[in-house]
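Asks: got a sequence here, can you model it:
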Amino acid sequence: MSTQDNGTGLIVLAVDDEDRGLDELLYCLRRNNRVRRILTAFDSADALRVLRSNDAELRERSRAGLSPVDVVFLDIAMPGLDGMELGKVLTAFRVPPALIFVTGYDNQSLEAFNVGATDYLVKPPNAERVDEALRRAERLRKPESGPGTVTPAEDEVIPVELAGTTKLIPRSSIRYVEAQGDYARLHTVDGSHLVRIPLSQLEERWSEVGFARIHRSYLVSLSLVSELQMSSSGYSVRLGSGETAIELPVSRRHTRELKDRLVRSPKRGLGPGR
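Replies: Here you go, the predicted model:
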């Protein structure tokens with residue numbers, strides 16, 4: 001384990017089995033004023049030893065109910081326990097750190113999403129993307145209060161591949177999701193994005209955070225439902241209002257549960273797209 005302390009800010013653990021990859025990441029981290037302390041590890045076993053070490057500050061954070069470190073930057077292809085497997089171990093911590101994957105491959109972002117990644121960087125990392133990832137982790141770390149606040153447990157990001165670039169779509173920006181075979185199309189006010197995730201999986205993940213299945217083809221954000229309409233052809237919902245409004249069908253089997261959830265939903269009609 002090596003360490004660097006720069007004053008105030010985030011405590012970061014960088015994990016990579018290759019010297020070059022680690023050096024490239026450290027170059028960006030050492031020049032970032034969001035970072036207070038940097039620790040390093042050369043594989044997953046080494047990372048776990050660092051997190052469980054007798055380091056006084058890490059132990060004090062754990063006793064205070066915090067994660068030992070704020071952020072872990074993880075390479076994926078490592079001998080033994082790879083980065084994805086280590087990520088699964090870390091998310092099982094009582095208070096898990098933010099996970100940021102740094103890899104030479106751009107085709108593993110969906111797996112990273114399923115592990116619960118805060119961000120996904122393709123090697124070599126640059127200072128701007130590292131800062132963006134740290135800013136996201138910093139925002140999720142800070143406790144918020146007040147009505148309507150989105151906490152880390154309530155929000156997440158979905159990585160979408162666009163011409164070799166990974167774009168991160170916040171779940172809170174999604175109006176509805178449309179099933180397209182084994183894929184799902186995420187609809188936001190700004191457009192739509194196709195991801196290889198079954199609608200049933202998103203329904204399972206998001207049902208407790210304000211999304212409801214209204215049809216075999218649709219999952220909607222309850223906070224955006226402005227109207228539940230009935231006609232001779234059945235029920236439909238209206239999302240938002242004005243030029244951005246859209247109407248979607250509600251199947252008979254989902255009608256009763258949708259009505260119940262709309263009554264219980266405290267944020268109905270307050271989300272984006274209205």
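
Asks: from here on, just use CA atoms for contacts and neighbour counts.
Replies: Noted.

Asks: residue ranges with poor pLDDT in the chain?
Replies: Applying pLDDT under 70 to the chain flags residues 1-8, 106, 110, 113, 141-155, 163-165, 263-274.

Asks: and the longest helix along it, how far out from the chain middle?
Replies: Longest among the helix segments of the chain by residue count, using DSSP state H, is helix 127-141. Computed by CA atoms, centre = their mean, to the nearest Å, the chain-centroid distance of helix 127-141 equals 12 Å.

Asks: in it, which residues are buried?
Replies: Neighbour-count burial for helix 127-141, counted by 16 or more other CA atoms under 10 Å, picks out 127, 130-131, 133-134, 137-138, 140-141.

Asks: list the buried ones in the very next helix or strand once past that helix?
Replies: Downstream of helix 127-141, the next assigned helix or strand under DSSP states H and E is strand 157-162. Across strand 157-162, burial judged by 16+ other CA under 10 Å covers 157-161.

Asks: as JSON lines, those residues with distance to Leu219 would be great.
Replies: Below are those laid out as JSON lines (distance: CA to CA, whole Å):
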{"residue": "Val157", "distance to Leu219": "17"}
{"residue": "Ile158", "distance to Leu219": "15"}
{"residue": "Pro159", "distance to Leu219": "18"}
{"residue": "Val160", "distance to Leu219": "18"}
{"residue": "Glu161", "distance to Leu219": "22"}
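
Asks: hang on, the earlier thing: which of the buried residues of helix 127-141 sits closest to Arg196?
Replies: In terms of CA to CA, no member of the buried residues of helix 127-141 lies closer to Arg196 than Ala133, at 23.0 Å.

Asks: quick one, what contacts that closest one?
Replies: Applying CA atoms under 8 Å, 6 or more residues apart in numbering to Ala133 gives the contacts 100, 118-119.

Asks: that one and Val12, how far apart?
Replies: Per CA to CA, to the nearest Å, Ala133 is found 12 Å from Val12.

Asks: try Ala245
Replies: For Ala245, the distance to Val12 - CA to CA - is 43 Å.
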